[in-house]
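Novice: Provide a 3D model corresponding to the input given below.
(one chain, ligands or ions: 3)
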Amino acid sequence: MKAVRFVGVGQPAQVIELPTPEPKAGEVLVKIGGAGVCHSDLHVLHQGIGINHPFTLGHENAGWVASIGAGVKNWKEGDAVAIYGPWGCGHCHSCQQSFENYCENWKPGQSYGGGLGSDGGMADYMIVPSERLLVSLGNLKPQDAAPLSDAALTPYHAIKRALPLLTPESTAVVLGVGGLGHMAVQLLRCLSGCRIVAGDVDDRKLELAKKMGADLVVNTKSTDEAAEQINKFCGPRKAALVLDCVGVQPTVNLGSKIVGMNSHFTIVGLGGGKLTMDGFSIPFGCMVSTPYWGSRAELQEVLSLAQSGRIHAEVTHFKLDETPKVYEKLEAGQIQGRAVIVPN
Ligand code: NAD
Ligand code: ZN
Ligand code: ZN
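Specialist: Ligands and ions are numbered 1, 2, ... in the order given. Next comes the predicted model:
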């Protein structure tokens, strides 16, 4: 089979031939129908994330069960599934609550999951180590649903934590309307009655944000001008939630200028921007957090929203061989919504 490999920091992804793996006891072999192209892969390719390589990229995956190892009970060949991405130990306190994204037994240097240290879904087939990491897709097609497992699950988890603050007269601000951001706008629209502002440096992305339900879109090239415009829209209470889906210095700076007292400043983007904090540098009571991905139960919730047509990922499909070029396009800001690699 063909696979897209991370071969070393600073080197482009490589498409190579590999033997098709076979599932051992407890494992499931999934035929990949879609693998989303996440900006985190660019961080992996450029900086690495302290994990061993080579491995097959693609951590946002969906497909069909191809074969099952001994002891797998709940799945059969042909079942359409989303693959839950953050692989925990399965039995610590967090994992018991399905928050494998916060597994207590994960250690730095260890794989985060398929595509992030273990072989992922940018290949014809992928091994999933346990049947508990699969969620039924129902009526959704793998090539369209793959981004839900990360681009939607990550903002869903972040927004859910802020929901009590997102009352109808409050405002949530999404910074960066890429893969995660375009899902965040839709999730805010269907989960809360709050007003939604979307910021990006690219007007095409802002057009998409409007289509997804943003009340106000703001070009954030000038941080000061954007802050003024957003603060005027929000009123004295400022933003109840700033969801930074970029995490670079300009968005972290902007976020700290628009976030309100007793609010959430949630940074999911991994752009390396720093926030200096003391008792007076951000508003009193503001909760700053850097959540990671989401839980297995939350993935079911996200899929349920998509199954009933309340959210969808705007996707562009590409062939597996095109992946290195797709990474270049993503880096150049030329992908609207999410690019999805379709191997099968
Ligand atoms: P993407 O490339 O699809 O989207 C990024 C968007 O940010 C683009 O629309 C781009 O125009 C915009 N942007 C760039 N610079 C900007 C700036 N200065 N101000 C405003 N907008 C700007 O990326 P993505 O796949 O949505 O990922 C976004 C970030 O989230 C990445 O850093 C990724 O690694 C991270 N991420 C984190 C988690 C997590 O669990 N914490 C999960 C997935 C992705
Ligand atoms: Zn990702
Ligand atoms: Zn665990």
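Novice: Tell me which residue of the stretch 1-150 of the chain lies closest to ligand 1.
Specialist: Here the stretch 1-150 of the chain gets closest to ligand 1 at one residue, H39, 3.1 Å apart by C-beta to the nearest ligand atom. Where C-beta positions appear, they are placed from N, C-alpha and C, glycine not excepted.
Novice: Which pLDDT value goes with that residue?
Specialist: What the model reports as pLDDT for H39 is 98.
Novice: And for the one 10 residues further on?
Specialist: In this model, I49 is scored at 80, pLDDT.
Novice: Wait, the residue of the stretch 1-150 of the chain closest to ligand 1 touches K329, no?
Specialist: No. H39 lies out of contact with K329 (C-beta atoms under 8 Å); the separation is 11.8 Å.
Novice: Looking at these two, which has the bigger crowd around it?
Specialist: H39 (22 against 15; other C-beta atoms under 10 Å).
Novice: so which residue of the stretch 101-250 of the chain comes closest to ligand 3?
Specialist: Proximity of the stretch 101-250 of the chain to ligand 3 (C-beta to the ion) peaks at C103, 3.2 Å away.
Novice: Give me the neighbour count for that residue.
Specialist: Quick note: C103 (other C-beta under 10 Å) scores 20 neighbours.
Novice: out of everything not next to it in sequence, what's closest to it?
Specialist: Distances taken as C-beta to C-beta, 6 or more residues apart in numbering put G88 closest to C103, at 3.0 Å, once the chain neighbours are dropped.
Novice: Just give the number of residues close to the one you found.
Specialist: Other residues near G88 come to 26 when the count uses other C-beta under 10 Å.
Novice: Pull the contacting residues for the nearest residue to E60 once chain neighbours are set aside.
Specialist: Of all residues not flanking E60 in the chain, G36 sits nearest, at 3.3 Å (C-beta to C-beta, 6+ apart). Residues in contact with G36 (C-beta atoms under 8 Å, 6 or more residues apart in numbering) are 58, 60-61, 146-147, 149-151, 179, 313, 338-341.
Novice: Just the ones of those in strands?
Specialist: Within those, residues falling in strands by DSSP state E are N61, R338, A339, V340, I341.
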